[in-house]
Every structure is written in C-alpha cells, then in structure tokens.
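A.B. asks: here are the coordinates; sequence isn't available:
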C-alpha cells in the first residue's frame, strides 16, 4: 500500500494566527442549511454562466460577488481537482460556514490518481477558529496545495473510518443541481453549474493550464464501478460540534462531524447498480427504468433530472447538439494555439511517449497535449450520433415521445444543419504563418486525424492532408510519430491506467483499431428514411 500525505505546514498554522480584519474567516454557523446550499449553487451558476476562461479570471470577474473582499494580489491557479474544492471552501469562508477536507488518501499503485481499486481517506484537515479568526488567503492556498484527483477516487459506498467529502446521490431534480460534483475516473473533476428543465446538465472544469471550459454531461464520463466513485457526487453534510460562542456571533473551537451514508436521505448507489434490483449485485448488468419505462443510463439521468420529461423535439435537440459540438472544436483551438505559440512543435520529439499519455507527469505534455480532450470530443460526437439515430428511429415508428409538428423532418434538419454550422469555423496559422480556415464539415471528417501530440506541427494537430499539409516542416522522425500514434487517436475511452510509454519503433509495431465510432451527423440526416405507415395512413416526411 502506498499513502499520499499532504503537509499543510505553515499554511495550517496560519489558520490560528491573527489576520488582517478584511481577510479573516469567522465561522458563524454550525452547519450548511438548505439556504446555504442554494446560495452556493447560485454562486457556482453565476461563474459558470459568465464568460470567464481561467480560474483566476473567474474569481476576479463580476460573476464573483465576493471579489472585492479578496487581497488584490491573491492568485487562483487551480487545475480541475483543486478548483472544485476551492469554490466550496471559498464560499464557506465568505459566508461564515464550517469546512474541512480529506488531506490524505492511501491506495495501491505508484500513482494514486489512477489506482485500480480506488483509494481510502486516511486523514482530514478542519478549518477551526481558535479565537482570532482563520487566515482566509492562507486557507485557500492550503486547498490549492493539497487536493489532487486522487482525493476523488474513493468508493461510493465507503462509510467507515475517515469519511470521504462526498456521497453518491439519488439521481433526481433535487439532488443534481448547481454545486454537484462530477468525477471522471480518467483523472478529471468538474462541477455542475446549471441544469436545464429538459434535464440537460451543464458543468465547468479547469485544466492543467488553469483555463476553464464548459460542457454538457454525457457518455464522456462513462459508467465507472462503485469502487472508483466516478460520476455524480454531492457534498457530504457536516456539522461543527462542541464549538462555543464568543458572544459576538462567532463559533470558536469544536470539531467537524460528517454524516454517514445511512443518515443521508438522498444517498443512493443507483447510478452504479441501476434502479432494478439484481440479486447478484453485478454492476455490469445494471438496468434503469423511470415510471416503468426502460432506459439506458444516460437517458435515465436526463429523464430523472428533468422530473420525468420523456418527450423530445428533434429540431431543438439537434440545434443544441450542434452548438455544443462547435464549442468543443473552438475550445480545442485555444489549446492548440497555446502549444504552437509557446514553440512546443519546434522542439525535437522525446524518445518515448509518457508512461500514460492521459495522465502524464511531464509538465510540457500535461500543459499542451490534448489526448484526453480529443477523446472526449470524439466520445461526445459518437454519443450524439447514437442519440440522433435513436431519435430518428422513434420518429419513423411514430413514437409519442417525439414531438414534431412539421411535414418534412429531414428537410428541416438539413436546413438547421446548414444554418447552425455555417458560422462554426476554426482558423489556425499554419507553419508558414498563413491563416487556414476549417468549417464544421471539414473538422468532422478529419476528427480521427487530429494530433494530440504537442510536438507535431500545427497542420497535423488539425489533421491536414494534401496541399494543406505541405507547409508542415516536421522531420521524418516526427512524421513517423504522427502516423504511429493513430491507434491512440482512434480511441474514445482514455484509460489512465494503461502503459503508453513506448518508443517509436515499439509504437509502430502496435496495431491500430480497424473500426472507429461513426461521428457523421450530416450523413445520418441525409440518409433518413420515411416514417413507418400507421393505421393505413400515408407516411409523413421524406
């Protein structure tokens, strides 16, 4: 067993030292009320709905109502795991609320962020007012210096010893809300900032370069096992016990007590084991149904979070999907541009890939490579293709869940596709410093050719071929690397536990998958058949 211990050092000691009056965290409440949870949700939603694009800009923007009380020189450089905890602790500090966090976990393997059997919490730190207030900036730095994605990788049913900071909630409109946490077991944490009435869940997350991006929940999070604790997490209720008042409304001393799973009304493992009882307890055979209707897991989440909404308007769904996919490409463009601007593509390629390309310890690779982002984009496209195909199949069968009042669904979807994708253009500067513009269709067609490797020329980063690729000045060695990495470009399921640290010759001998997921939404619409005749009526549509 290997343990990860976080030494807070002087930052911990600072919590009991008198701080300047405007930065002291004074605890005035012994627990988080429903109003406090709603307030936290509104705080997170305000930041998520804003246009801020980095952890620092988010906290300094008008979306943060507490920004004026922060020291002018306070920096917030946080990756995905740290940003989620930072938001929670920051809100607690500004609203007199108690807070503590797991600061040590143990597990097996050399990298606890990707331990195959999950981790266990072994220690906690609590922010306790010793009488002079807690130094809030020091407390925030302690959070930023302590949390990693290993903290999230704990069994969803853990209820002994040192308790996790989160619990697994029942999937419902009440429990999945702004402030709910999402954990991707491939090493990414995010926080929900908005839930639409139709069950669409919006989340935001930070990257190793401290940029903040936004997305919509779906198959990119996979369906991990209970032991890894992936998926939805709500903050475990806590109480500051045995504190005393100083007579001025401040709670002094005491210790934090966390609620056990059985004491949390909304605790449930249904996201892992399904809603139908299975005596074998086999997670792989889990099934979900809502009001007697069998659904896939991701369908179930959307229906349950919407409160039972099962009808779908193909026009609306397609419009929202296209907008989300375009945003994915534009967010990727910012990452690629950052790598090229910092001259990474001009450097010689390392002798081997990182031990795992999805969770590299190498700073250059972690900051500028995009294997996880690219896999997520392809996974979202593949899921969107699957969802659209199923929706069109229901329409052909005249399923009452499909709401469409027009006469030509195929034509309406084709017009929508043309109008929505017309403005979706990504422009990059090629190696000759000339602009190259790629429209949505071009991006989709080359999605499996786009390189995640920051050492590749920018043309290869965008999957260029033919004349467009002629300006690439990569060496023959780099060209071989680009071709050898095709197998990883074809993947939709980044596995941060597998070995990828191959040299070029080794990689060239590994076979790429022969089949990739279909991502061509346009062809799916263009190839639509008619509705099935119903009670002798003439089919509607074309």
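C.D. replies: Here it is on my side, so go on. Please read all numbers here as calculations on a predicted model, not as lab measurements. Numbers count the residues shown, from 1 in each chain.

A.B. asks: my read is residue 90 is in a helix, agree?
C.D. replies: Yes. Using DSSP: H, G, I helix; E, B strand; the rest coil, the secondary structure at residue 90 is a helix.

A.B. asks: my guess is it meets residue 140, correct?
C.D. replies: Yes. The pair residue 90 / residue 140 is scored as a contact, 6.3 Å apart, by CB atoms under 8 Å. For glycine as for every other residue, the C-beta is placed from the backbone atoms N, C-alpha and C.

A.B. asks: residues of stretch 472-482 that come out buried?
C.D. replies: With burial defined by 16 or more other CB atoms under 10 Å, the residues of stretch 472-482 counted as buried are 472, 474, 478, 480-482.

A.B. asks: for stretch 365-380, that is, sorry about that
C.D. replies: Those would be 365, 367-380, for stretch 365-380 by 16+ other CB under 10 Å.

A.B. asks: Closest one of the residues you listed to residue 286?
C.D. replies: When these are ranked by distance to residue 286 (CB to CB), residue 379 comes first, at 19.9 Å.

A.B. asks: In this protein, which residue is most central in space?
C.D. replies: By CA atoms, centre = their mean, the chain has its centre lying nearest to residue 190, at 4.4 Å.

A.B. asks: what's the next secondary structure element after the one helix or strand in the chain whose mean pLDDT sits lowest?
C.D. replies: Of all helical and strand segments in the chain, the minimum by mean pLDDT, DSSP states H and E falls on helix 10-13, at a mean of 39. Sequence-wise, the next helix or strand downstream of helix 10-13 (DSSP states H and E) is strand 24-25.

A.B. asks: Give me the contact list for whichever helix or strand comes after that following strand.
C.D. replies: Later in the chain than strand 24-25, the nearest helix or strand by DSSP H and E is helix 34-48. Helix 34-48 is contacted by residues 29, 32, 58, 61, 63-65, 87-88, 91, 95, 97, 177-179, 191-194, 202-204, 214 when judged by CB atoms under 8 Å, 6 or more residues apart in numbering.

A.B. asks: Inside strands: which ones of those residues?
C.D. replies: 191-194, 202-204, 214 (DSSP state E).

A.B. asks: Check the residues you listed against residue 305 and report the nearest one.
C.D. replies: Among those, and counting by CB to CB, the member closest to residue 305 is residue 192, at 9.9 Å.

A.B. asks: Excluding chain neighbours, what is closest to the closest one?
C.D. replies: residue 180 (4.3 Å; CB to CB, 6 or more residues apart in numbering).

A.B. asks: The one you found: neighbour count?
C.D. replies: Counted with other CB atoms under 10 Å, the neighbours of residue 180 add up to 24.

A.B. asks: So what does it have for phi and psi?
C.D. replies: Residue 180 has phi and psi values of phi -60, psi 140 when expressed as degrees, to the nearest 10.

A.B. asks: That one contacts residue 234, correct?
C.D. replies: Yes. Contact criterion CB under 8 Å: residue 180 and residue 234 qualify, at 5.6 Å.

A.B. asks: circling back to that earlier point, and of the buried residues of stretch 365-380, the nearest to residue 439?
C.D. replies: Among the buried residues of stretch 365-380, residue 377 lies closest to residue 439 (CB to CB), at 16.3 Å.

A.B. asks: ok, the buried residues of stretch 472-482 vs residue 147, which is closest?
C.D. replies: residue 481 (34.1 Å).

A.B. asks: on that earlier part again, which residues are in contact with each of residue 180 and residue 234?
C.D. replies: With CB under 8 Å, 6+ apart, residue 180 and residue 234 have common neighbours residue 169.

A.B. asks: so what's residue 473 up against?
C.D. replies: So residue 473 contacts 431, 457 (CB under 8 Å, 6+ apart).

A.B. asks: The spatially closest residue to residue 507 that is not a sequence neighbour and residue 332, how far apart?
C.D. replies: Take residue 507 and drop its neighbours on the chain: the residue closest to it by CB to CB, 6+ apart is residue 484, 4.2 Å away. Relative to residue 332, residue 484 is positioned 22 Å away (CB to CB, to the nearest Å).

A.B. asks: now do residue 107
C.D. replies: 32 Å.

A.B. asks: so residue 256 sits right up against residue 238, yeah?
C.D. replies: Yes. Look at residue 256 against residue 238 with CB under 8 Å: they come within range, at 5.2 Å.

A.B. asks: rewinding a little: sort out for me which of the buried residues of stretch 365-380 are in helices.
C.D. replies: Per DSSP state H, helices hold the following members of the buried residues of stretch 365-380: 365, 367-368, 371-380.

A.B. asks: Just the buried residues of the longest helix belonging to the chain, please?
C.D. replies: Taking DSSP H as the criterion, the chain has its longest helix at helix 314-341. Within helix 314-341, the residues that count as buried by 16+ other CB under 10 Å are 314-315, 317-322, 324-326, 328-329, 331-333, 335-336, 339-340.

A.B. asks: what's the answer for stretch 248-255, then?
C.D. replies: 250-252, 254.

A.B. asks: got a markdown table for those residues, with secondary structure too?
C.D. replies: A markdown table is the format used below for these (three-state DSSP):
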| residue | secondary structure |
| --- | --- |
| 250 | coil |
| 251 | strand |
| 252 | strand |
| 254 | coil |
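
A.B. asks: Distance to residue 507 and pLDDT for the residues you listed - can I get that in JSON lines?
C.D. replies: Converted to JSON lines, the buried residues of stretch 248-255 look like this (distance: CB to CB, whole Å; pLDDT from 0 to 100):
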{"residue": "250", "distance to residue 507": "60", "pLDDT": "97"}
{"residue": "251", "distance to residue 507": "58", "pLDDT": "98"}
{"residue": "252", "distance to residue 507": "60", "pLDDT": "98"}
{"residue": "254", "distance to residue 507": "56", "pLDDT": "97"}
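
A.B. asks: I appreciate the help and will end here.
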